[in-house]
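Chemist: build me a model from this:
(one chain, ligands or ions: 1)
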Amino acid sequence: MTPAADVVVCGAGIAGVAAAYHLAVRHGVGRVVLVDERPPLSLTSDKSTEAYRNFWPGPDDAMVRFMNRSIDLLEELAAASGNVFRMNRRGYVFGTASPIRAGELRTMAETVAGWGAGPLRIHDGRPGVTAYPAPSAGDWHAQPAGIDLLLDRGLIRRHFPYVVDDTVALLHARRCGWLSGQQLGMHLLELARRAGAELVTGRLTGVDVGGGRVTGVRIDGPGGVRSLATERLVLAAGPLLPEAARLLGVTLPVFSEQHHKIAIEDTLGAVPRDAPFLIWDDPQTLEWSADERAALAADSSLRWMLDPFPAGVHTRPEGASPESRTLLVLWSYDSAATEVVFPLPEPPYYTELVIRGMARMLPGFAGYLDPMPRAYIDGGYYAKTRENRPLIGPLPVGGAYVSSAYSGFGIMASCAGGELVAAHVTGAPLPDYASAFLLSRYDDPAYVRRIEACAATGQI
Ligand SMILES: Cc1cc2nc3c(=O)[nH]c(=O)nc-3n(C[C@H](O)[C@H](O)[C@H](O)COP(=O)(O)OP(=O)(O)OC[C@H]3O[C@@H](n4cnc5c(N)ncnc54)[C@H](O)[C@@H]3O)c2cc1C
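Modeler: Okay, here's the model as predicted:
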């Protein structure tokens, strides 16, 4: 007789593992079957920078509240496990040398603080403001939440002497930091398995539908194709979501972008080991020598390197051991929608461009231009919706659900995303941000107009 599953989850990346954890552990669902053709967490979830933040743009407060919930759950799991996934709360520091951008950061900080990211403290040298709590690599319990906006250049120099000295503002969002996404995922998977969830190796190749509802799935695995009866299916297929949804005859408004990162050894000490997550928030044109500039200008395939690059180059220290000198560095300067192919094509000159970009914020990086350090490069796809919010909830076929399109925030969102999709599947009460992540949000013309207006003014 064909065994039946209470719920099948397609995809054992962080989204699928978190869904299985919430279904099996927190809702006591009997037979949860997690299907993946690859080893767990090995497609996108192990390529992440593993950072988290509750500092999120609009168009409204949904992402701040969703991430606050996810961080609550992460902290709960960290506390219950002796912090097996090494969560810290060092914060995200956004820097700018532009007084105009400093004003925009202030407005954004006021808005996001009003949405629940915690109190805003402005440090502009005037008396009467609480002292700036210096960043610390210590226990996350002892770190503040909220947002510190440093506008006093003396204060910036005192606390961030390694940041370029024309910096006019640093925004330090505090309920942010990083963790080991791999350890988190394996911890959730282990807890789910102990509660009865099963991991099955194979590819979901078919979904049986009767009377407009899911009745079973077909899995192509090592022993051949087998059928599994189930009335509930969760798609957590990461960048392969559109393909998986087609098995249900559903087309989803999701596209993919390539994102890479490098890991280098910081032999020159460009970044202190206890530094927070550091982001340069200004667009920039890269520094080249006159000879380099002439050579690039003469070559039509390389001339783009003389063009302005977008804001957002960032870095953080990696590694728990005191001897570790690794830095992760990322810059998504080319984030056009792209076809999903594996292995990912490596962007040309990525290491050099990222180091040049990071040197704008952290002058110590200039020492890595000649000779260039050996860099380890990897990357994955961000599966995204147009307003960069996930898809979590029911699909148009009865019994089918989605928990995906986690873009560049799937590790940090995993716990609240798993909780939310499990609530949809089991009929448990939904949090008030649930409607922001439904596929059906695009049926509302007013919502679509609002996100188009936000996109046009760069607010999302
Ligand atoms: C360079 C980079 C940096 C990032 N930095 C961060 C960060 O700092 N913080 C953060 O929170 N997030 C970050 N992210 C994003 C995060 O990694 C992703 O959002 C997250 O890993 C997505 O998880 P997922 O489970 O949705 O997808 P995946 O990890 O891709 O998992 C999907 C799984 O589904 C399986 N699958 C698909 N189709 C089928 C099928 N038909 N049958 C069986 N199995 C199937 C695949 O094999 C895969 O294992 C980053 C991503 C990248 C690429």
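Chemist: return the distance of stretch 446-460 from the chain's centre.
Modeler: Chain-centre distance of stretch 446-460: 21 Å, with CA atoms, centre = their mean, to the nearest Å.
Chemist: identify the residues contacting it?
Modeler: Outside of stretch 446-460, the residues within contact range by CB atoms under 8 Å, 6 or more residues apart in numbering are 57-59, 386-388, 441-442. Using the backbone N, CA and C atoms, a C-beta is placed for each residue, glycine as well.
Chemist: change it to 6 Å
Modeler: 57-59, 387, 441 (CB atoms under 6 Å, 6 or more residues apart in numbering).
Chemist: what would those look like in JSON lines with pLDDT?
Modeler: What follows is these, written out as JSON lines (pLDDT from 0 to 100):
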{"residue": "P57", "pLDDT": "85"}
{"residue": "G58", "pLDDT": "82"}
{"residue": "P59", "pLDDT": "85"}
{"residue": "E387", "pLDDT": "94"}
{"residue": "R441", "pLDDT": "97"}
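Chemist: can I get those residues in JSON lines with distance to S48, secondary structure and neighbour count?
Modeler: Shown next, in JSON lines, are the contacts of stretch 446-460 (distance: CB to CB, whole Å; DSSP: H, G, I helix; E, B strand; the rest coil; neighbours: other CB atoms under 10 Å):
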{"residue": "P57", "distance to S48": "20", "secondary structure": "coil", "neighbour count": "17"}
{"residue": "G58", "distance to S48": "24", "secondary structure": "coil", "neighbour count": "18"}
{"residue": "P59", "distance to S48": "25", "secondary structure": "coil", "neighbour count": "17"}
{"residue": "E387", "distance to S48": "21", "secondary structure": "coil", "neighbour count": "21"}
{"residue": "R441", "distance to S48": "26", "secondary structure": "helix", "neighbour count": "17"}
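Chemist: columns distance to the ligand on top of the residues you listed, output as JSON lines?
Modeler: Conversion of the contacts of stretch 446-460 to JSON lines gives the following (distance: CB to the nearest ligand atom, whole Å):
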{"residue": "P57", "distance to the ligand": "16"}
{"residue": "G58", "distance to the ligand": "19"}
{"residue": "P59", "distance to the ligand": "21"}
{"residue": "E387", "distance to the ligand": "16"}
{"residue": "R441", "distance to the ligand": "19"}
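Chemist: where is the longest strand in the protein?
Modeler: For the chain, the strand that runs over the most residues, judged by DSSP state E, is strand 255-265.
Chemist: got the contact list for the residue of the stretch 151-300 of the chain found nearest the ligand?
Modeler: With CB to the nearest ligand atom, the shortest gap between the stretch 151-300 of the chain and the ligand falls at G238, namely 2.4 Å. Neighbouring residues of G238 by CB under 6 Å, 6+ apart: 13, 43-44, 383.
Chemist: pLDDT score assigned to the residue nearest in space to the middle of the chain?
Modeler: Taking CA atoms, centre = their mean, the centroid of the chain lies closest to F409, which sits 2.0 Å from it. pLDDT, F409: 98.
Chemist: list the contacts for it?
Modeler: Counted by CB under 6 Å, 6+ apart, F409 has zero contacts.
Chemist: next, the buried residues of the longest helix seen in the chain.
Modeler: If you go by DSSP state H, the chain has its longest helix at helix 62-80. Neighbour counts over helix 62-80 (16 or more other CB atoms under 10 Å) mark 62-71, 73-75, 77-78 as buried.
Chemist: state the pair within those that is farthest apart.
Modeler: Taking every pair in the buried residues of helix 62-80 and measuring CB to CB, the maximum separation is 24.3 Å, between A62 and A78.
Chemist: tell me the pLDDT of T2.
Modeler: Looking at T2, the pLDDT reads 49.
Chemist: returning to that earlier point: is the longest helix of the chain in proximity to the ligand?
Modeler: No: taking CB under 6 Å from any ligand atom as the criterion, helix 62-80 and the ligand are apart, separated by no less than 9.1 Å.
Chemist: give me the contacts around stretch 63-73.
Modeler: By CB under 6 Å, 6+ apart, the list of residues contacting stretch 63-73 reads 54, 56, 115-117, 412-413, 415-416, 433.
Chemist: among the residues you listed, which ones are in helices?
Modeler: Short answer: those in helices (DSSP H) are 412-413, 415-416.
Chemist: which of these are close to the ligand?
Modeler: Checking the ones in helices among the contacts of stretch 63-73 against the ligand (CB under 6 Å from any ligand atom), the matches are M412.
Chemist: measure the residue lying closest to H159 once chain neighbours are set aside to L155 for me?
Modeler: Spatial nearest neighbour of H159, chain neighbours left out: A134 (5.7 Å); criterion: CB to CB, 6 or more residues apart in numbering. Distance, A134 to L155, by CB to CB, to the nearest Å: 10 Å.
Chemist: these two: who's more crowded?
Modeler: L155 (17 against 11; other CB atoms under 10 Å).
Chemist: in terms of helices and strands, where is that one?
Modeler: Here L155 sits within helix 153-159, counting by DSSP states H and E.
Chemist: which residues of the stretch 251-400 of the chain lie near the ligand?
Modeler: Contact residues (CB under 6 Å from any ligand atom) of the stretch 251-400 of the chain with the ligand: 259-261, 379-380.
Chemist: could those go into JSON lines alongside neighbour count and pLDDT?
Modeler: What follows is those, written out as JSON lines (neighbours: other CB atoms under 10 Å; pLDDT from 0 to 100):
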{"residue": "H259", "neighbour count": "22", "pLDDT": "97"}
{"residue": "H260", "neighbour count": "20", "pLDDT": "97"}
{"residue": "K261", "neighbour count": "22", "pLDDT": "97"}
{"residue": "G379", "neighbour count": "19", "pLDDT": "96"}
{"residue": "G380", "neighbour count": "25", "pLDDT": "97"}
